[in-house]
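Novice: please work out how this folds:
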Amino acid sequence: MAKKDSPPHWDRGMQQRLVRGEAAALGELYDRYASLVHGLAHRVLGDERAADQITREVFAHVWEHPDAYDPRQGPLRAWVAGLTHRLAVRRLRTTETAALARGGPGSAEELEHRVCRASAAARADYIVHAMPAPLRAALELAYFQRRDYRQTAADLGVTEDEARRRLRLGLQLLSTAHHTDTTDAPSGYGGAA
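Specialist: Sure thing, here's the model as predicted:
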């Protein structure tokens, strides 16, 4: 099994294999990123079947358009996540707009608010899973186990200053989840096409 954090050379090699039409490459990519794709889609859409469909669409797009990914623009993981985000938000807008047209509850403004909220939540999930393990561990201790920075430092075996630094940096990264334009791939996700 491949390592979770892909080195840039893996990304380039994977893209080249996909361009050559290697079905095994698509299988490897799926094994590595299917849970990320499905989780992001589910977070935006709140529907298991819709998330399954988005997962299929993402990997079909990657298979049909492997040259759309440019390794110079960022990691393959970020590009796949951005593509997932964009397709899921598009699906959410389409289904919600159709519901509004049929006289469903809500307004266009409420729809946009739901889309923004779902988008920010999906981006926050991605940020947490993509951040370095030391930052993620500090945030998990502080948030889920309600540890303060002193307790976090003791649990992690680091200085209090280091624990504060990790928590501050982790929270700064998370704060970017709400600064995203939902019409395009979020910044940091790479140029999803």
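Novice: which stretches of the chain have low pLDDT?
Specialist: Along the chain, segments meeting pLDDT under 70 span 1-7, 97-108, 111, 178-193.
Novice: distance of Phe144 from Ala137?
Specialist: 11 Å (Cβ to Cβ, to the nearest Å). In short, each C-beta sits where N, CA and C put it, glycine included.
Novice: more neighbours: those two, which one.
Specialist: Ala137 (17 against 8; other Cβ atoms under 10 Å).
Novice: this protein: helices as residue ranges?
Specialist: Along the chain, counting by DSSP state H, helices occupy 8-19, 23-45, 48-64, 76-101, 108-130, 133-144, 149-156, 160-175.
Novice: what separates the third one from the chain centre, distance-wise?
Specialist: Averaging C-alpha positions (Cα atoms, centre = their mean, to the nearest Å) puts helix 48-64 14 Å from its chain's average.
Novice: one more: the fourth one?
Specialist: For helix 76-101, the gap between its own C-alpha mean and the chain's C-alpha mean amounts to 12 Å (Cα atoms, centre = their mean).
Novice: per-domain residue ranges of this protein.
Specialist: 8-130, 131-180 (automatic domain parsing).
Novice: let's check: the centremost residue of this protein is which one?
Specialist: Tyr126 (3.6 Å; Cα atoms, centre = their mean).
Novice: which ones are touching that residue?
Specialist: The contact partners of Tyr126, taken as Cβ atoms under 8 Å, 6 or more residues apart in numbering, are 36, 40, 81, 85, 189.
Novice: pipe these into CSV and attach neighbour count per row.
Specialist: Formatted as CSV, these follow (neighbours: other Cβ atoms under 10 Å):
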residue, neighbour count
Leu36, 20
Leu40, 30
Ala81, 29
His85, 29
Tyr189, 26
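Novice: turn the residues you listed into a markdown table, including distance to Ala23.
Specialist: What follows is the contacts of Tyr126, written out as a markdown table (distance: Cβ to Cβ, whole Å):
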| residue | distance to Ala23 |
| --- | --- |
| Leu36 | 21 |
| Leu40 | 24 |
| Ala81 | 23 |
| His85 | 26 |
| Tyr189 | 26 |
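Novice: looking at the residues you listed, spot the one nearest Ser175.
Specialist: The closest of the contacts of Tyr126 to Ser175 turns out to be Tyr189 (Cβ to Cβ; 16.5 Å).
Novice: name the residues of stretch 141-161 that are buried.
Specialist: Within stretch 141-161, the residues scored as buried using 16 or more other Cβ atoms under 10 Å are 141-142, 147, 149, 152-153, 156, 158.
Novice: just the CA trace of that stretch, in CSV.
Specialist: Taking Å, rounded to 0.1, in the frame of the first residue of the first chain, the C-alpha atoms of stretch 141-161 are listed here in CSV:
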residue,chain,number,x,y,z
LEU,A,141,-6.7,17.0,21.9
ALA,A,142,-7.9,20.6,22.3
TYR,A,143,-11.2,20.2,20.5
PHE,A,144,-12.4,16.6,21.1
GLN,A,145,-10.8,16.0,24.5
ARG,A,146,-11.2,19.6,25.7
ARG,A,147,-7.5,20.0,26.7
ASP,A,148,-6.0,23.4,27.2
TYR,A,149,-2.5,24.2,25.8
ARG,A,150,-0.8,23.0,29.0
GLN,A,151,-2.5,19.7,29.0
THR,A,152,-2.0,19.4,25.2
ALA,A,153,1.7,20.0,25.7
ALA,A,154,1.9,17.3,28.4
ASP,A,155,0.0,14.8,26.3
LEU,A,156,2.1,15.4,23.3
GLY,A,157,5.4,15.6,25.2
VAL,A,158,6.3,19.1,23.9
THR,A,159,6.8,22.4,25.5
GLU,A,160,3.9,24.7,26.3
ASP,A,161,5.2,27.2,23.7
